[in-house]
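Novice: My questions concern the predicted model and sequence given below.
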Amino acid sequence: MTLSFTKMQGLGNDFIVLDGINQPFTLTPEQIRQLGDRHFGIGFDQLLLVEKPTDPAHDFRYRIFNNDGGEVEQCGNGARCFVRYVTERGLTDKTEISVEVATGIIKPRLEANGLVTVDMGEPRFAPRQIPFVADEDQIEHSLQVGDETVSVSVVSMGNPHAVQVLADIDDGVVERQGPLIEYHPRFPARVNAGFMQVLSRNAVRLRVFERGVGETIACGTGACAAVVSGIRRGLLDETVTVTTRGGNVDITWRGPGQPVLMTGSAVTVFQGTVEI
Ligand SMILES: N[C@H](CCC[C@H](N)C(=O)O)C(=O)O
């Protein structure tokens, strides 16, 4: 099978985007792993699939696969690339679209300045919604990680995140704790592990060890979850610039019942075809 794809990146989190509307296909998890391999395949963090919506009230359906082959509920950097892809390829003439994801609706919008803003929907905190093994929602939960006891905030942006606030995120903590948190038994669906350093009430640094991938250069939903958890902890104001290894993304959250808004870049790198 020959597949046409577009290679894209948001803050260095990289993707291949596939048009499942005009190019119907199926891929097994093993085939996704092969395509995602950075030596024997194309290489990507996630594969993004564009499909027709199940509800005609919306413009598209958006499916996301990590490079371990697993399908997941949400991808923030990918959402910005999604709207750039469908407009550049003429799949829509709109600049703001309504997109179905596994756990809700997101609304990406192309801005006049070339950036993309996405209404990522409301964050969720109930343990069963994450999913997370705990009695109730708490702003911080104690978690045993190897021989360390850490304090995490647990947030779902559709996909699960466990976020720590640390004075230093470059001392080896990401490499040491990331894999242990991703597979922690209290997260039945695994989890993305965020490591946040607060610089001011409007600026943080963030590194994320992503479920199904490992550490990525940037994580959009991770940035959303980190800012929400920092606001809930009383450390941040409602609009925050998140500095990742791949660049900056701006996140706004006006509190419970409100959506998280994310603004950042989305870049088309190249087009290609692949035999699989
Ligand atoms: N690894 C994530 C999916 C991709 C999230 C990230 N690339 C983003 O930009 O939000 C998960 O398993 O939930």
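Specialist: Sure thing, it's come through. Numbers count the residues shown, from 1 in each chain.

Novice: mind listing the helices for the stretch 1-150 of the chain?
Specialist: 29-36, 76-88 (DSSP state H, counting those that start in this stretch).

Novice: Check which residues of the shortest one are buried.
Specialist: Going by neighbour count (16 or more other Cβ atoms under 10 Å), the buried part of helix 29-36 is 31-36. No exception for glycine: its C-beta is placed from N, CA and C like everyone else's.

Novice: Just the CA trace of stretch 19-33, in CSV.
Specialist: The C-alpha coordinates for stretch 19-33 follow below in CSV (Å, rounded to 0.1, in the frame of the first residue of the first chain):
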residue,chain,number,x,y,z
ASP,A,19,-5.9,12.1,5.1
GLY,A,20,-8.3,9.2,5.9
ILE,A,21,-11.1,10.9,4.0
ASN,A,22,-9.6,10.8,0.5
GLN,A,23,-7.2,8.0,1.2
PRO,A,24,-9.0,5.3,3.2
PHE,A,25,-6.6,2.8,4.8
THR,A,26,-6.0,0.7,7.9
LEU,A,27,-2.8,0.3,9.8
THR,A,28,-1.9,-2.2,12.5
PRO,A,29,-0.2,-1.1,15.6
GLU,A,30,3.0,-2.8,14.3
GLN,A,31,2.8,-0.9,11.1
ILE,A,32,2.5,2.4,13.0
ARG,A,33,5.5,1.4,15.1
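
Novice: What parts of this structure come near the ligand?
Specialist: For the chain, the contact set with the ligand under Cβ under 6 Å from any ligand atom comprises 13, 45-46, 64, 66, 72, 75-78, 159, 192, 210-213, 216, 219-221.

Novice: ok so, going back, in JSON lines: the helices of the stretch 1-150 of the chain, plus mean pLDDT.
Specialist: As requested, those are exported to JSON lines (pLDDT from 0 to 100):
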{"stretch": "helix 29-36", "mean pLDDT": "98"}
{"stretch": "helix 76-88", "mean pLDDT": "98"}
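
Novice: Ok, which of these comes nearest residue 137?
Specialist: With Cβ to Cβ, the closest approach to residue 137 among the helices of the stretch 1-150 of the chain belongs to helix 76-88: 21.8 Å.
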